[in-house]
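>>> Here you go, sequence then predicted model.
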Amino acid sequence: MLPFAGLPGGRSESRTLPPNATYYDATANARTAHSPLAGDTTADVCVVGAGFTGISAALNLAERGYRVVVLEAGTIGIGASGRNGGQIHSGQRVDQTVLEAQAGLDTAKQLWSIAEEAKAEVLARIERHAIRCEPRAGLLTAAWKKSHVPLLHADAEHLEKIYGYKKLRPLDRSETRAIVASERYHGGVLDWGGGHLHPLNYLLGLADAAVAAGAIIHEDSAVTAIENGPEARAVTANGSVKARFLVIAGDAYLGRLVPALAERLFPIKTYVVATEPLGEERAAALIRDGLAVADTKFVLDYYRIAPDTRLIFGGGETYSSGEAKNIAGIVRPPMLRVFPQLKDVAIEYAWGGHVGITLNRQPHFGRLAPNIFFAQGYSGHGVALASLAGRLITEAIAGTAERFDVMASLPVPRFPGGPMFRWPAQVFGMMLAAIRDRL
């Protein structure tokens, strides 16, 4: 049986949707509303941000008996955790060979083990809490260039030989073409240990489980200031939370609230669309076996077929600081480069969001003070790893910090240029990478 087989799927009732609703909003399970913070309160732990990191921390802490208060600036899922491609990847964002060179084989093996546990954590939570979020096994990494194929295959061989990971299947061009109906790819690697899910429903299920365990969540409660000390304090417009410990989990949506974190994180815009339903036959011919796909471009394409036979496709890039006015127009060209046979297909949902990346694409864990923890910068690998981050933070708060410290040991440099020049420097780098993708 495949690792994701037999777990709960889901559909939701029809409802009135907000403007610019995502496909995930349209197919969300019943949502529990959480009142804004009003007045001053105390807690054992205050969590800033109700995405995968913050909610998983709240759930794990509440299960251990801590009094937890979560402060969310908007509503649960409004940020990256409720708007992403839903893909679950193996390993860290950086290849194991790079980690071996940077940190040594023993630490690289610890990091691999943590990443494997992250995937298992997702599945265990889905099963334990009966979360209806449509999990499926299988993730194909497709080679955009011919030169990428031997690198992918060598990596698969290395993971099996050194890490004992036997769920990868190297593919040549014809085998890849048999899975994905596109002429753009030269080969790839199929990972049966990866997969995909409905990210918003997964997050909503975790939030319900956290509340059931005793956590308190306040939506529409943006934190405007953080004060450290023996007891940390998070301040909102209408109240505050004083706590023995504070967890900062805002990632790309934290803004300049904590400058020391902002200087190591860059919020990249990413865009996703969902087509009209393709029908069972056409969807199965497009991507076989219900797999998710991501390619090897720097500005990558990532996509999958939803249970209602829509293609969910993420891709494209913009370089302005403003919001895109025609997201479908941004994503359709890369979608048609991969699948020109979909030129007659309408796009029914189009949305964007921010993903937090670090300069070296390694996750950024650490402490701002002995009692203030943070985790951010998953760089597109956050569904699984952010889900486990909450457990690692909980372990550290409870006094067992070894695994958290392994993640915190990864070097994450500041972005060059400071607040004034960081944006144009990063945009210039992305433009060069996008040009290389097209050559």
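Structure received.
>>> switch to C-alpha atoms for all contacts and neighbour counts from now on
Noted.
>>> How is the protein partitioned into domains?
Per the record, the chain has its domains at 33-135+197-265+361-408, 137-191+267-357, by automatic domain parsing.
>>> what's the span of the longest one, first residue to last?
Across its full length, domain 33-135+197-265+361-408 reaches 34 Å between end residues, using CA to CA, to the nearest Å.
>>> now do stretch 161-181
Stretch 161-181 has its terminal residues 31 Å apart, counting by CA to CA.
>>> Would you mark the buried spots in it?
Tyr165, Leu168, Pro170, Leu171, Asp172, Arg173, Thr176, Arg177, Ile179, Val180, Ala181 (16 or more other CA atoms under 10 Å).
>>> Relative to Arg184, how far out is the residue nearest to the last one when sequence neighbours are not counted?
Leaving aside its chain neighbours, Ala181 sits nearest to Leu286 (5.0 Å; criterion: CA to CA, 6 or more residues apart in numbering). When distances are taken as CA to CA, Leu286 and Arg184 turn out to be 13 Å apart.
>>> Give me the more crowded residue out of those two.
Leu286 (22 against 18; other CA atoms under 10 Å).
>>> Check whether that one really touches Glu183, as I assumed.
No. Look at Leu286 against Glu183 with CA atoms under 8 Å: they stay out of range, at 11.7 Å.
>>> List the beta-bridge partners for the closest residue to Ser35 other than its chain neighbours.
Leaving aside its chain neighbours, Ser35 sits nearest to His218 (5.4 Å; criterion: CA to CA, 6+ apart). On the basis of DSSP bridges, His218 is bridged to Leu71.
>>> between the buried residues of stretch 161-181, which is closest to Ile397?
Ile397 has its nearest neighbour among these in Tyr165, at 31.4 Å by CA to CA.
>>> before we move on, what SS does the closest one have?
With DSSP: H, G, I helix; E, B strand; the rest coil as the basis, Tyr165 sits in coil.
>>> do Leu204 as well
For Leu204, the assignment made with three-state DSSP gives helix.
>>> Could you double-check that it lies in contact with Arg31?
Yes. Contact criterion CA under 8 Å: Leu204 and Arg31 qualify, at 7.0 Å.
>>> okay, those two: which has more neighbours?
With neighbours defined as other CA under 10 Å, Leu204 and Arg31 compare such that Leu204 has more, 26 against 12.
>>> How about the contacts made by that one?
Contacts for Leu204 (CA atoms under 8 Å, 6 or more residues apart in numbering) come out as Asn29, Arg31, Ile76, Gly77.
>>> just the buried members of these?
Buried by 16+ other CA under 10 Å: Asn29, Ile76, Gly77, out of the contacts of Leu204.
>>> which one is the second one nearest to, not counting chain neighbours?
Excluding its sequence neighbours, the residue lying closest to Ile76 (CA to CA, 6+ apart) is Ala50, at 5.8 Å.
>>> give me every residue that touches the one you found.
Applying CA under 8 Å, 6+ apart to Ala50 gives the contacts Val70, Leu71, Glu72, Ile76, Gly77, Ala249, Gly250.
>>> Quick one: those as a markdown table, columns for distance to Ile393 too.
Shown next, in a markdown table, are the contacts of Ala50 (distance: CA to CA, whole Å):
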| residue | distance to Ile393 |
| --- | --- |
| Val70 | 15 |
| Leu71 | 17 |
| Glu72 | 18 |
| Ile76 | 20 |
| Gly77 | 21 |
| Ala249 | 11 |
| Gly250 | 14 |
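>>> Many thanks, we can stop here.
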